[in-house]
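Visitor: Just a sequence and a predicted model for now, questions to come.
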Amino acid sequence: MESLPAMESVWVQGATIWTSGPLGKLESADMMTHEGQIIFVGTHEQAAQTAESMAGVPWRIMDGAGKHVTPGLIDCHSHTGISRGINEVGQAVTAEVRIGDSTDPDDVNWYRQLAGGLTTVNTLHGSANPIGGQNQVNKIRWGSLHPDEMHFAGAIPGIKFALGENVKRSQNRYPNTRMGVESLFRERFSAALEYRRQWEQFQMGITAMLPRRDLELEALSEILDGRRLIHCHSYRQDEILMLCGIAREYGFRIGTFQHILEGYKVAEAIREHAIGGSAFSDWWAYKVEVQDAIPYAGAIMHKAGVLVSFNSDDSEMARRMNLEAAKAVKYGNLSEVEALNFVTINPARQLMIDTSVGSLEKGKDADFVLWSTHPFSTATVCQSTWIDGREYFSIEKDRDHRAKIAAERKRLMARVFGPAKTEPSKNSPEKEENSQGAPKQSGDDLSSPFEYWENRIVFQRNLQMYRLGMDPTRSSCGECGVRGHQLINPISEPVQP
């Protein structure tokens, strides 16, 4: 994309509109956007009156008959578009590092996620540290020339915390036990309290010496002041309760428990001490500490009063968050409206950006998705994705782009390797020979050198993983990039499957 799409005034007519707001689900309704904001949601007659009062506006009419419109989907746990690694593993506490400093606006996964209706993400540091780096909430403005153009203006800052196996398995680094993780939290928050006291005394004139600025303690002080949200990787109930106890002791409220696989066991504590839980929909049994995970967890927590969202933790899964939400209907028997909220208004509330996004209401950002049919259908197709009144994905334009890319690839291949060879006739008695004059084998076919080198790269990667005792065919659910660290640092203890 050479430049950002133009902002348009859009009038969707006759669609099923899932507002994720007070209006609920509307049949045969209209929605209008202008100058990047939603200005109307309701009946066609009322929309026509609005259009009449705005004479001269060049409306782009979109026929919504038989189609569905939802708010832009929101992923509360993403690692997409982080340049050069998502874990700063050098020490246990890295609160000073910022994911926003390494945003990669050119990651093609952004475009693929737009094609699945995703518009906003909570981009998080990995889970290799008990206290990791600062998060970055992004809008997927594909085509942005500068990383800052993707950053969600006004989003409250956050930080990644982590519990469990990921943080205690690093060799030669404290902590190596779960009790060490709790002790580390208490020690760092006590240090942050003292750091804040020093600055308060200086600002009040009690002390004359300017305190030394500490970026790590500054970030932790913001948690104590309620100006930074904790997003904590968590699995087991005992560890969830431990962090709730730390929050009570130091007087702050947790933002979200991420993954929260045993959250259904301690939902009341989560409801009291956190804004909510951002869960996996149905991931379980991929390592010992998640053996009690169940697919009904999200619905159980929701019914207990916890603000629940579903997240991806995976660039591929982020392309299908609508289908992740549908699982709350299958597992837990929630209504379709409640289930869709798990990937729209609920994550917006967890990130405290719900005044701008998460629902289709007058005055909110014009972030919406047009689906070919019911958004929970496996047959549905995202036809267009809009952010701030700009069309960042269009299925029609995508087809045109694919055709142009295929033609350009064919042209470049011809320049490098010459024109494609004509296949011999099946009836021809002649046998094709290789450069040594021997009958040509299937492995000698060099008409596709790109495929050859791609296979070599995959082979080398798999071989390296086998040497480290890892199974390349297994997924790394919930690892938050820790497994990737093992690949680039073979000295570390191999990850157990």
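Guide: Received, thanks.
Visitor: what about R402, which SS state?
Guide: With DSSP: H, G, I helix; E, B strand; the rest coil as the basis, R402 sits in helix.
Visitor: ok, it - contacts?
Guide: R402 makes no contacts at all, as judged by Cβ atoms under 8 Å, 6 or more residues apart in numbering. Every residue, glycine included, has its C-beta placed from N, CA and C.
Visitor: Over to Q258?
Guide: Q258 touches 76-77, 124, 231-234, 277-278, 311, 313, counting by Cβ under 8 Å, 6+ apart.
Visitor: May I ask which two of those residues are separated the most?
Guide: The two members of the contacts of Q258 with the most space between them (Cβ to Cβ) are L124 and G277, at 14.8 Å.
Visitor: tally of neighbours for F252?
Guide: 20 (other Cβ atoms under 10 Å).
Visitor: start at 30 instead
Guide: I'll keep to 30 as the first residue from here, and by that count the last item is F281.
Visitor: Could you look up the SS state of it?
Guide: Secondary structure of F281, reduced to three states by three-state DSSP: coil.
Visitor: Where do the domain boundaries of this protein fall?
Guide: Domain assignment for the chain, taken from automatic domain parsing, gives 30-100+387-447, 102-381.
Visitor: Looking at the ones you listed, which is nearest to M494?
Guide: Of those, nearest to M494 by Cβ to Cβ is domain 102-381, at 16.5 Å.
Visitor: quick one on the thing from earlier: could I get the contacts of Q287 as a markdown table with distance to L192, secondary structure and pLDDT?
Guide: Output for the contacts of Q287, formatted as a markdown table (distance: Cβ to Cβ, whole Å; DSSP: H, G, I helix; E, B strand; the rest coil; pLDDT from 0 to 100):
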| residue | distance to L192 | secondary structure | pLDDT |
| --- | --- | --- | --- |
| C105 | 17 | strand | 98 |
| H106 | 15 | strand | 98 |
| L153 | 14 | coil | 98 |
| H260 | 12 | strand | 98 |
| C261 | 7 | strand | 98 |
| H262 | 6 | strand | 98 |
| S263 | 5 | strand | 97 |
| G306 | 13 | strand | 98 |
| S307 | 14 | strand | 98 |
| N340 | 16 | coil | 98 |
| D342 | 15 | coil | 96 |
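Visitor: On the C-terminal side of the longest helix seen in the chain, identify the next helix or strand.
Guide: Ranked by residue count under DSSP state H, the longest helix found in the chain is helix 207-232. Next helix or strand after helix 207-232 toward the C-terminus (DSSP states H and E): helix 244-253.
Visitor: and for that following helix, what are the contacting residues?
Guide: Identification of contacts with helix 244-253 by Cβ under 8 Å, 6+ apart yields 122-125, 160, 163, 186, 188, 217-218, 220-222, 224-225, 257-259, 279-281.
Visitor: Follow the chain on from the host helix or strand of L369 and name the next helix or strand.
Guide: Assigned by DSSP H and E, L369 falls within helix 365-370. Once the chain leaves helix 365-370, the next helix or strand it forms, by DSSP H and E, is helix 374-379.
Visitor: mind showing which ranges of this protein have poor pLDDT?
Guide: Applying pLDDT under 70 to the chain flags the ranges 30-31, 448-485, 495, 498-526.
Visitor: ok, I299 - contacts?
Guide: I299 makes contact with 269, 273, 286, 289, 292, 305-306, 330, 335, according to Cβ under 8 Å, 6+ apart.
Visitor: What about the residues you listed, which are in strands?
Guide: 286, 305-306 (DSSP state E).
Visitor: Could you check the angle the longest helix of the chain makes with helix 244-253?
Guide: Helix 207-232 and helix 244-253 meet at an angle of 90 degrees, taking axes from the mean of the first three to the mean of the last three Cα atoms, to 10 degrees as the criterion.
Visitor: list the helices and strands helix 207-232 packs on?
Guide: strand 160-163, helix 194-197, helix 244-253, helix 266-279 (3 or more Cβ pairs under 8 Å, 6 or more residues apart in numbering; DSSP states H and E).
Visitor: okay but T109 is in contact with R348, surely?
Guide: No. Using Cβ atoms under 8 Å, T109 is not in contact with R348; the gap is 10.2 Å.
Visitor: still on that earlier bit, mind listing what's buried in the longest helix of the chain?
Guide: Within helix 207-232, the residues that count as buried by 16 or more other Cβ atoms under 10 Å are 207, 210-211, 213-214, 217-218, 220-222, 224-225, 227-228.
Visitor: give me every residue that touches the residue nearest to the spatial centre of the chain.
Guide: Residue closest to the average C-alpha location in the chain (Cα atoms, centre = their mean): S107, at 2.7 Å. S107 is in contact with 150-153, 167, 340-342, 344, 347, counting by Cβ under 8 Å, 6+ apart.
Visitor: can you rerun that using 10 Å?
Guide: Counting by Cβ atoms under 10 Å, 6 or more residues apart in numbering, S107 makes contact with 128, 138, 142, 147, 149-153, 164-167, 169, 340-344, 346-347.
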